[in-house]
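Asker: my questions are about this predicted structure, shown below with the sequence.
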Amino acid sequence: MKILLVAATRAEIALLIAHFDLPEQDFIRTKDFDLLITGVGMTATAFALGKHLKGNYNLVLNLGIAGSFDHTTPLGTLINVTTDEFAELGAENGDTFLSIDELGFGKARYTAKNNLLSDAVKKLQKGHGITVNRVHGNENSISRVVSRFNPAIESMEGAAVLYCCDQESVPCLQIRSISNYVEPRNKDSWKIGLAIKNLNDWAIGFLTNT
Ligand SMILES: O=C(O)c1cccc(C(=O)CC[C@H]2O[C@@H](n3cnc4c(=O)[nH]cnc43)[C@H](O)[C@@H]2O)c1
């Protein structure tokens, strides 16, 4: 199975890069998988995947850290983000929001379609993601987005990856490791090191056994 690993930053998969002794490039081909570092955000992600995703992969595996809306989920938990949504794509209409679907211009929500049945995937908690340009850090906007989408996590790339896979009909799996809670910004409480360690340990095991 030919896998394309996709991550926004090299730092998020640094342990995997070290484990497989990969060079410092944004696109790397190996015998068993290719690796694409896209840069942060939807635009950079879609541009990079537009260049490199051409239906020649059996699976796109999107790896990254994320913020959790659920404060009972321990930091460092891995989430299989099975659906993801462009949360800001639409129009304000006074106090309400019209999605891109309601405007009649497209679709906001995408599913990570795959038929993976391994224990490594099955054992993970599943959740719905939202993808944003602006990380939430305000109590009012957080409560609005929670009541609108009921998301488990947010990232800055997920829906863009699922969109590209949908366009190219390539199976997709998005695994996010919780580095922080979505709350008024307090970077001191983020556990980026723990999130990256858990994510990389899982991904190395998955790649080694798939
Ligand atoms: O400061 C560091 O040491 C550091 C190391 C590795 C990665 C980072 C990032 O900030 C990565 C940005 C990446 O993280 C995702 N992310 C994480 N938390 C959230 C969130 O609460 N809301 C939205 N996105 C989040 C996002 O996908 C970014 O691409 C820092």
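Answerer: Structure received.
Asker: which parts of the chain sit against the ligand?
Answerer: Contact residues, the chain versus the ligand (CB under 6 Å from any ligand atom): 8-9, 11-12, 40, 64-67, 132, 135, 154-157, 179-180, 182, 192. (Each C-beta comes from the backbone N, C-alpha and C, glycine too.)
Asker: put the buried members of those into a PyMOL selection.
Answerer: Selection command for PyMOL covering only the buried members of the residues of the chain next to the ligand, criterion 16 or more other CB atoms under 10 Å:
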select buried, resi 8+12+64+65+66+67+132+154+155+156+157+179+180+182
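Asker: next step: the residues of the chain next to the ligand restricted to strands.
Answerer: Using DSSP state E, the members of those that fall in strands are Gly64, Ile65, Ala66, Gly67, Glu154, Ser155, Ser179, Asn180.
Asker: just the helices in this protein please.
Answerer: Under the criterion DSSP state H, helices of the chain are mapped to 14-19, 42-52, 100-103, 119-122, 139-149, 158-168, 192-209.
Asker: of those, flag the one that's most buried.
Answerer: Mean neighbour count (mean count of other CB atoms under 10 Å) peaks for helix 158-168 among these, with a mean of 24.
Asker: isn't Thr111 up against Val81?
Answerer: No. Thr111 is beyond contact range of Val81, at 10.2 Å (criterion: CB atoms under 8 Å).
Asker: what sits in contact with each of these two?
Answerer: The contact sets of Thr111 and Val81 do not overlap (CB atoms under 8 Å, 6 or more residues apart in numbering).
Asker: the two: who's more crowded?
Answerer: Between Thr111 and Val81, Val81 has the larger neighbour count (other CB atoms under 10 Å), namely 31 against 12.
Asker: one step back: closest to the ligand among the ones in strands among the residues of the chain next to the ligand?
Answerer: Distance ranking of these against the ligand, using CB to the nearest ligand atom, places Gly67 first at 2.2 Å.
Asker: for the closest one, which non-adjacent residue is closest in space?
Answerer: Of all residues not flanking Gly67 in the chain, Val182 sits nearest, at 4.2 Å (CB to CB, 6 or more residues apart in numbering).
Asker: one more: Leu89?
Answerer: Distances taken as CB to CB, 6+ apart place Ile100 nearest to Leu89, at 4.6 Å, with adjacent residues excluded.
Asker: how about the residue nearest the centre of the chain: what's its closest non-neighbour residue?
Answerer: Of all residues in the chain, the one closest to the mean position by CA atoms, centre = their mean is Gly158, 3.5 Å from it. Take Gly158 and drop its neighbours on the chain: the residue closest to it by CB to CB, 6+ apart is Asp84, 4.1 Å away.
Asker: from what I can see that neighbour touches Ile130, true?
Answerer: Yes. If you go by CB under 8 Å, Asp84 and Ile130 touch, sitting 7.1 Å apart.
Asker: mutual contacts of the two, please.
Answerer: Common neighbours of Asp84 and Ile130 (criterion: CB under 8 Å, 6+ apart): Ala159.
Asker: show me what contacts the residue of the chain most remote from its centre?
Answerer: Farthest-out residue of the chain from its mean C-alpha position, per CA atoms, centre = their mean: Gly94, at 30.6 Å. Neighbouring residues of Gly94 by CB under 8 Å, 6+ apart: there are none.
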